[in-house]
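1. I'll drop the sequence and a predicted model, then ask my questions.
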Amino acid sequence: MANRRCNDRKTFIMVLYMVAVCSGVPISDLLDRASQYSDKLHSLSTTLTHELDSHFPAMGRGIMPPPSACHTSSLQTPSNKEQALQVSESDLLSLARSLHQAWVDPLVVLSSSANTLPHPSQSKIINKIHELQEHSKNLGDGLTILTGKMDPTTLTISSLPYRGGNDIGQDKNSKLIRFHFLMSCLRRDSHKIDSLLKVLRCRAAKLQPHLC
């Protein structure tokens, strides 16, 4: 049954891909939809991070890994809007897709770990993680279609494998700290994806830089 659902989804994505590529759906419309999903991803990850802050171990801040330890830190991205406006459209899309693909496996880890997370809002967190996964899948489909509308031969997707494993810790504190760290990394990267897509949308609309 699971394989059938997977095959059905792949068929559905392929149909969407062909419709978007072969029809006159403007890139600006596709970018609007992708931006809506990326905005929702960032909003949900921010909400979850704040939720985790409400029940964070006192010693957690001192031992939580720094942002540089996120598995996506090696990817060089524009640090501000001015830099992003100097990057080509294909490179902006490549960066957004690289970051998005880097979170496919970690989202599965977050989803499975949420079931045993020692947090008073566990059920709420579980539901929001599932929302994150759904929006991430929709965003991935949208980015695939966008790639087909633009020039796929110019896109280079960077491999950013997650090597953190499926186990976020055995004791209560380590679970909370590791889960919080992963969510903090996702919050940072979802903001990057959202910013890259908004600049790409601005560039596609040929707006003046000061309006972006």
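-> Yep, it's here. Numbers count the residues shown, from 1 in each chain.

2. Now do the longest helix that the chain contains: distance to the chain's middle.
-> If you go by DSSP state H, the chain has its longest helix at helix 172-204. Centre-to-centre, helix 172-204 and its host chain are 6 Å apart (C-alpha atoms, centre = their mean, to the nearest Å).

3. Just the buried positions in that helix, please.
-> Within helix 172-204, the residues scored as buried using 16 or more other C-beta atoms under 10 Å are 175-204. For the C-beta atoms, the positions are set from N, CA and C on the backbone; glycine is no exception.

4. again, but for stretch 78-86
-> Neighbour-count burial for stretch 78-86 [16+ other C-beta under 10 Å]: 78, 84.

5. From one end of that stretch to the other, what's the distance?
-> Start-to-end span of stretch 78-86 (C-alpha to C-alpha, to the nearest Å) is 9 Å.

6. mean confidence for that stretch?
-> Averaged over stretch 78-86, pLDDT sits at 88.

7. cool, stretch 181-192 as well?
-> For stretch 181-192, mean pLDDT rounds to 96.

8. Start at 271, not 1
-> I'll keep to 271 as the first residue from here, and by that count the last item is stretch 451-462.

9. what's in contact with that stretch?
-> Stretch 451-462 is contacted by residues 308, 311-312, 315-316, 318-319, 322, 334-335, 337, 339-342, 347, 365, 369, 372-373, 376-377, 379-380, 402, 434, 438 when judged by C-beta atoms under 8 Å, 6 or more residues apart in numbering.

10. let's see 6 Å
-> By C-beta atoms under 6 Å, 6 or more residues apart in numbering, the surrounding residues in contact with stretch 451-462 are 311-312, 315-316, 318-319, 334-335, 340, 342, 347, 369, 376, 380.

11. Buried subset of these as a ChimeraX selection?
-> For the buried members of these, the matching ChimeraX selection, counting by 16+ other C-beta under 10 Å, is:
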select :311,312,315,318,319,334,340,342,347,369,376,380
